[in-house]
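> Pasting the sequence and the predicted coordinates here, then a few questions.
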Amino acid sequence: MIFKKINNQLLKLKKYFSKYQLYKFNKGLKSCGNSVYIEFPVKFEGKEFISIGNNVSINSFVHIWGHGGVVIGDNTLIASHVSIVSVTHDTNAEIYRESLIEKKVTIGKNVWIGTHSVILPGVIINDNAVIGAGSVVTKDVPPNVVVAGVPAKIIKYKQ
């Protein structure tokens, strides 16, 4: 009986800590909608340039480099181990580390990004798109398609 009581208290404490952790995390974002779920740990750089819509789910080990601007639309699902990159280095620079190119990444509404995918700078993923697991998205993705591969290509048009 006493163990059940302790377990219930621990569950309440964990739930409170999760809410506090999310509240503290969201404070630094450019904007954050309602019903956003983040499974920690995640790593966001340039949080002040990242906007997250309503009903967004971001799973663990997601890395977002937001200095170039990142917008994530409503009802989007981001699986674990996804990287979203809005900054890169100039390949023509004499010293790469001294160059920085910022390009906004826009992810539309109702997008599903599969695990271990990489979204590169300047990409727009339009509404209702699915990014297959392990994809590297180098170009804009039209609405209502499934893309997969390295680099990601359209493999299916949704109806």
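Sure, I can see it. Numbers count the residues shown, from 1 in each chain.
> Which secondary structure element of the chain has the lowest mean pLDDT?
The weakest-scoring helix or strand in the chain, judged by mean pLDDT, DSSP states H and E, is helix 2-26 (a mean of 67).
> Tell me the bridge partners for W112.
Taking DSSP bridges as the rule, W112 bridges to L77, V130.
> Share the number of residues neighbouring it, please.
16 (other CB atoms under 10 Å). To be clear about C-beta, it is placed using only N, CA and C from the backbone, and glycine gets the same treatment.
> That one reaches N128, doesn't it?
No - using CB atoms under 8 Å, W112 is not in contact with N128, being 9.0 Å away.
> joint contacts of these two?
Common contact partners of W112 and N128 (CB atoms under 8 Å, 6 or more residues apart in numbering): none.
> Might you list the low-confidence residue ranges for the chain?
1-7, 10-21 (pLDDT under 70).
> Centroid-nearest residue for the chain?
Nearest residue to the geometric centre of the chain (CA atoms, centre = their mean): I78, 5.4 Å.
> contacting residues for it?
By CB under 8 Å, 6+ apart, I78 lies in contact with 56-59, 62, 72, 84, 113.
> what about 6 Å?
58, 62, 113 (CB atoms under 6 Å, 6 or more residues apart in numbering).
> For the last one, the count of nearby residues, please.
Counted with other CB under 10 Å, the burial measure for I113 works out to 27 neighbours.
> Okay, it and V105: tell me how far apart.
For I113, the distance to V105 equals 11 Å [CB to CB, to the nearest Å].
> Repeat that for the second one.
Computed with CB to CB, the distance linking V62 and V105 is 13 Å.
> roughly how far apart are L29 and F44?
8 Å.
> out of those two, which sits in the more crowded spot?
The neighbour count for L29 versus F44, taken as other CB under 10 Å, is higher for F44 (21 against 18).
> I figured that one hits I64, correct?
Yes - with contact defined as CB atoms under 6 Å, F44 reaches I64; the gap is 4.8 Å.
> Settle this for me: D90 is touching E98, isn't it.
No - D90 is not in contact with E98 according to CB under 6 Å; the separation is 9.0 Å.
> Look at these two and report which has more neighbours.
Comparing D90 with E98 by other CB under 10 Å, the one with more neighbours is D90, at 12 against 9.
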